[in-house]
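> Need coordinates for the following:
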Amino acid sequence: MAESQLRIAVVGSGYMGRTYGNGLVKFNKRAKLVAVCGGKRGPQLASDLKVEFEPSYDKLMERSDVDAVILATPHSAHLEETLKAAKHGKHVLTEKPMATTLQDCDAMIEACKKANVYLEVIRTLRFRGTPLRAKQLIDEGAIGNVEMIKGQSLFTAYMDDNTKDAWILDPKEGGAMLDMGVHNMDILRFLAGSDVKRLFSTVTTFTPGGRIPNVTAMTQLVFKNGVIAQMWMCHEMPPPSLPDSWHRYTVVGDKGILDIDGYGKLMLGKGDKWETVWTQPPFDPNHDPAHPARLVAFYTQVEAFAEDVLDHRNPTAPGSEGRIAVELVEAANRSSATGKAIEFP
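Next comes the predicted model:
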């Protein structure tokens, strides 16, 4: 392995493949893009990024100039791709959700453990400017002991720009609850600083004839450290929806409050006033996905992954964390189906 840089191939050439490719080429220092693999848009992406296009994943696995892969592929493909990577000694950074079932998550973790390769999962909200700084303030005691969290992840549609045959609309990919829910569950755990003790959820769809089931959910969580939380996810809000609510979290401590807009401001309420701690530079993720303010969360996690591998550090976002997020989504679906709260040991 190259000791100064981790040589990475991006697998997948869609929106997220281009995201990681741009970050690697423009911003990463200890990670180097050597190839783009797969996808009908792959040749163009590889040409744009001035790297090789490798149409075959199996052939990619045989290449000695590839140390690791970033999986920007459909959710259901992550298991097979990870198992092959582990077999060939390649480290893996996979997009969320880690997999579509807990069984697949476990198989991925076990394969990488046996092969002694890293398996990490994308957790961009942990690396985005406002949640990251909010967590730092929490850890510094700025709002005292965390007591309550309210989360909102609200949209007027699920994947506005997808056509009827887009892969993410296939039911086997898990739908909106898995796709967005793993983000929501992970950031709640991140901010609470604890694992979940009990969960109750209602998952549904209100739109008649909607293509995707389960696009709305309200979930109540109790954490093992006593924090209570609510998470409201919706992809069928009537226009104009609520302002600044794509990723909005309120964290209440016994000494203050944090108002976290994942795409806007981090506000600290303390005493009798509010102050702006930090403001996210504006960007439009739909029309300007390569904006540096958007890319920073992605290339920062890629850089952490590269440093973990090259410096033999503990993984920054291990597969076990990705597994927990999938487990919580599965629990929410089970709670909704049974009408019962789910208890965790």
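
> Tell me which residue is most central in the protein.
Arg123 (3.8 Å; C-alpha atoms, centre = their mean).

> ok, now which ones touch the closest residue to that one other than its chain neighbours?
The spatially closest residue to Arg123, leaving aside those adjacent along the chain, is Ala317, at 4.6 Å (C-beta to C-beta, 6 or more residues apart in numbering). Yep, even glycine has a C-beta here, placed from its N, CA and C like the rest. Applying C-beta atoms under 8 Å, 6 or more residues apart in numbering to Ala317 gives the contacts Glu120, Val121, Ile122, Arg123, Arg126, Gln301, Ala304, Phe305.

> Equivalent analysis for His291, please.
His291 touches Phe283, Asp284, counting by C-beta under 8 Å, 6+ apart.

> just Gly42 next, same as before
With C-beta under 8 Å, 6+ apart, Gly42 has these contacts: Ser13, Gly17, Val36, Phe53, Pro55.

> Keep only those of those that are in strands.
Val36, Phe53 (DSSP state E).

> any idea how far Gly322 is from the closest residue to Val227 other than its chain neighbours?
Counting by C-beta to C-beta, 6+ apart, Val227 lies nearest to Ala192, which is 4.3 Å off, once chain neighbours are set aside. For Ala192, the distance to Gly322 equals 18 Å [C-beta to C-beta, to the nearest Å].

> These two: who's more crowded?
The neighbour comparison of Ala192 against Gly322 (other C-beta atoms under 10 Å) goes to Gly322, with 27 against 24.

> Which secondary structure state does that one sit in?
Here Gly322 is recorded as helix under DSSP: H, G, I helix; E, B strand; the rest coil.

> quick one: it and Glu95 touch, right?
No - Gly322 lies out of contact with Glu95 (C-beta atoms under 8 Å); the separation is 9.9 Å.

> Name the residues contacting each of the two.
Between them, Gly322 and Glu95 share the contacting residues Val121, judged by C-beta under 8 Å, 6+ apart.

> In contact with Ala46, which residues?
Ala46 sits in contact with Ser13, Ala35, Val36, Glu52, Phe53, where contact means C-beta under 8 Å, 6+ apart.

> among these, who's most crowded?
Result: Val36 is most packed of those (other C-beta under 10 Å), 31 neighbours.

> ok, now which ones touch it?
Contacts of Val36 (C-beta under 8 Å, 6+ apart): 9-10, 13, 17, 21, 42, 45-46, 49, 51-54.

> In these, find the pair that's most separated.
The most widely separated members of the contacts of Val36 are Gly17 and Glu52, with 14.3 Å between them, by C-beta to C-beta.
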